[in-house]
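> Let me see the structure of the following:
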Amino acid sequence: MSDHHHDHEDKVDPRLAAAANEGCEESRLLLSRRSVMGLSAGFFASAMIPRSALAAAGDRRLLVVILRGGMDGLQLIIPYQNSIYRQFRRDFYAQLASTKIPLRGSTASEPFAAHPKLLNFARLFNAGEASVVHAIAPPLRKRSHFQCQYNLESGGDESNPPLSSGWLNRMLMRMQSADKISTFGGELAGDACLRGMLAVGRPPLILTGGAEVRTWSNGARAARLPDSATTALLKHYRDNDGEMYKRLSNAIAVDNAAGGAAGTNVEAEFGGAGRLMAKDDGPRIGVISIDKWDNHSNLPHAISGNIELLDKSIEAFRVAIGSQWANTCVVCVSEFGRTVEINGSVSKGTEHGRAGVALLAGGALSANRFIGAPPNLQKSYDNRTSGGLMDGRFDIEPRLDTRALFTSVIYDHLDVDYTPDYDAFIFPGGSEVKPLKGIFKTTSSTYKNT
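Below is the predicted model:
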């Protein structure tokens, strides 16, 4: 490819360019592809208020946060008294030993602590408004970012044909809808929006499908026209193009409703999402992604900034959504975990593994819990010694399927009525996956495995 051609390529978001310097080749390709598609940032939300949500006590909210790149769960939630962990992550733990934050009041069979940069999450956990899901992974047990992110978002079984839609969109398609969200207004939708007023890009796969989805990005606020120019433009469209006038007016209304300071930082995206989801006529279900979790080198330093970013972003969302936090669940998931063993004294990173952790936060949770059995590092170590590891990598064996967590969210938190046909439509091939019970204050009375 010539330099001349490079000069005319779409510019890559600086955050993605920085991330690309640290990830594997596949991760760099995925990040570049996402930036070209307009997926590097932004809040994506359902354009409908589900009737079941309106009928449910407290009008529940859901924010799904996709941590792209393969988050190293052992750096966030630390089994600090585990001898295997301390043997193979000795140097990493030495940097955290005096600053880790013990997680109290849980059902853990062994003690865990949060990374010191997870300050707000640890506070929520110790107050009963956060939980940790151990040893969880999508059903496709591969080492590929492309394949595992696709599997996480599509909700399919590895044995089923490829899906072109996401499980969350399929759920929305089957939910009986009520009124359209007025703040996301009228006929405003995706690719028809003005790029200068609303971040335009195809929604992530998890929200791709037949159900209508709205987009917003705080980065668009920085590129917004001066008020005088906006007024003139609105007048021009009002006099000459009624359809464009309606779209532009709606885009400005969304931007104003999101509020907050202009900027492109992820924390501001979470704040805007919280303000939109707090509104009576705002979205109930949303998705945001955070990149840069593919740390093959310099892990302690590289991941520290992203952990702090995630922690502050969750807190920004909590503050912005206000009293609706009591009815909210935030679900943070990644496509896979990392190896237990570091990849060398020079690189000091970790390789692609299988299972990791999921983080939950919100007032809708029943308690602070460690959900599922903790990672069996002793078994992984024994398999390492006997040659029984997948691809020879010393990683964490999956004990929970991400679809088990998602079904709990759908049927217990969002209170969707269960039918076998509906369940098979959302998660093809997942009929034997059992939900994780007891996570939420509310529990479905209709689900298949009660």
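
> From Asp415, how far out is Tyr245?
Going from Tyr245 to Asp415 by CB to CB, to the nearest Å gives 39 Å. Any C-beta I mention is one placed from the backbone N, CA and C, and that applies to glycine too.

> just Ser334 next, same as before
27 Å.

> So between the two, which is more surrounded?
Ser334 (29 against 20; other CB atoms under 10 Å).

> how about the more buried one, what does it touch?
Ile66, Leu67, Arg68, Gly69, Gly70, Met71, Gly73, Leu152, Trp293, Gly356, Ala358 (CB atoms under 8 Å, 6 or more residues apart in numbering).

> Same question for stretch 134-147: list its buried residues.
Buried residues in stretch 134-147, counted by 16 or more other CB atoms under 10 Å: His134, Ala135, Ile136, Ala137, Pro138, Pro139, Leu140, Lys142, Arg143, His145, Gln147.

> Which ones among these map onto helices?
Using DSSP state H, His145, Gln147 are the members of the buried residues of stretch 134-147 that sit in helices.

> Name the nearest residue to the one residue sitting closest to the centre of the chain, ignoring sequence neighbours.
In the chain, the C-alpha nearest the mean C-alpha coordinate belongs to Val65, at 1.6 Å (CA atoms, centre = their mean). Excluding the flanking residues, the one nearest Val65 by CB to CB, 6 or more residues apart in numbering is Cys332, at 4.3 Å.

> Just the C-alpha atoms of stretch 250-270, please, in CSV.
These are the backbone C-alpha positions of stretch 250-270, laid out as CSV (Å, rounded to 0.1, in the frame of the first residue of the first chain):
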residue,chain,number,x,y,z
ASN,A,250,-33.8,15.7,17.5
ALA,A,251,-30.0,15.3,17.5
ILE,A,252,-29.5,18.6,19.3
ALA,A,253,-32.2,17.5,21.9
VAL,A,254,-30.3,14.3,22.6
ASP,A,255,-27.0,16.1,23.0
ASN,A,256,-28.6,18.7,25.3
ALA,A,257,-30.3,15.9,27.4
ALA,A,258,-26.9,14.1,27.8
GLY,A,259,-25.3,17.3,29.0
GLY,A,260,-21.9,17.4,30.6
ALA,A,261,-18.6,18.8,29.4
ALA,A,262,-17.6,18.4,25.7
GLY,A,263,-14.8,16.0,25.1
THR,A,264,-13.9,12.5,23.8
ASN,A,265,-13.0,10.8,27.0
VAL,A,266,-14.7,7.6,28.0
GLU,A,267,-15.6,8.9,31.5
ALA,A,268,-17.7,11.6,29.8
GLU,A,269,-19.5,9.0,27.7
PHE,A,270,-20.6,7.2,30.8
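
> Can you point out the buried residues in that stretch?
Quick answer for stretch 250-270 (16+ other CB under 10 Å): 250-255, 257-258, 260, 264-270.

> Ok, stretch 273-283 next?
Judged by neighbour count using 16+ other CB under 10 Å, the buried positions of stretch 273-283 are Ala273, Gly274, Arg275, Leu276, Met277, Ala278, Lys279, Gly282, Pro283.

> What ranges in the stretch 351-450 of the chain fall below the confidence cut-off?
Scanning the stretch 351-450 of the chain for pLDDT under 70 picks out 387-389, 444-450.

> one more time with 90, if that's ok
For the stretch 351-450 of the chain, the stretches with pLDDT under 90 are 372-376, 378-394, 411, 414-425, 428-435, 437, 442-450.

> would you list every one of the helices in it?
Using DSSP state H, counting those that start in this stretch, the helices found in the stretch 351-450 of the chain span residues 377-386, 402-408, 420-426.

> would a markdown table of the ones you listed with distance to Arg174 and mean neighbour count be doable?
Converted to a markdown table, the helices of the stretch 351-450 of the chain look like this (distance: least, CB to CB, whole Å; neighbours: other CB atoms under 10 Å):
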| stretch | distance to Arg174 | mean neighbour count |
| --- | --- | --- |
| helix 377-386 | 39 | 15 |
| helix 402-408 | 14 | 24 |
| helix 420-426 | 5 | 15 |
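
> between those helices, which one is nearest to Phe440?
For these, the distance to Phe440 is smallest for helix 402-408, at 7.1 Å, taking CB to CB.

> Run through the neighbouring helices and strands of that closest one.
strand 130-137, strand 328-334 (3 or more CB pairs under 8 Å, 6 or more residues apart in numbering; DSSP states H and E).

> switch to 10 Å and redo it
With contacts defined as 3 or more CB pairs under 10 Å, 6 or more residues apart in numbering; DSSP states H and E, helix 402-408 has these neighbours: strand 130-137, helix 145-154, helix 167-174, strand 328-334, strand 356-361, strand 370-371, helix 420-426.

> pLDDT weak spots in the stretch 51-200 of the chain?
Residues of the stretch 51-200 of the chain meeting the criterion pLDDT under 90: 51-60, 91-93, 104-110, 140-146, 156-164, 169-200.
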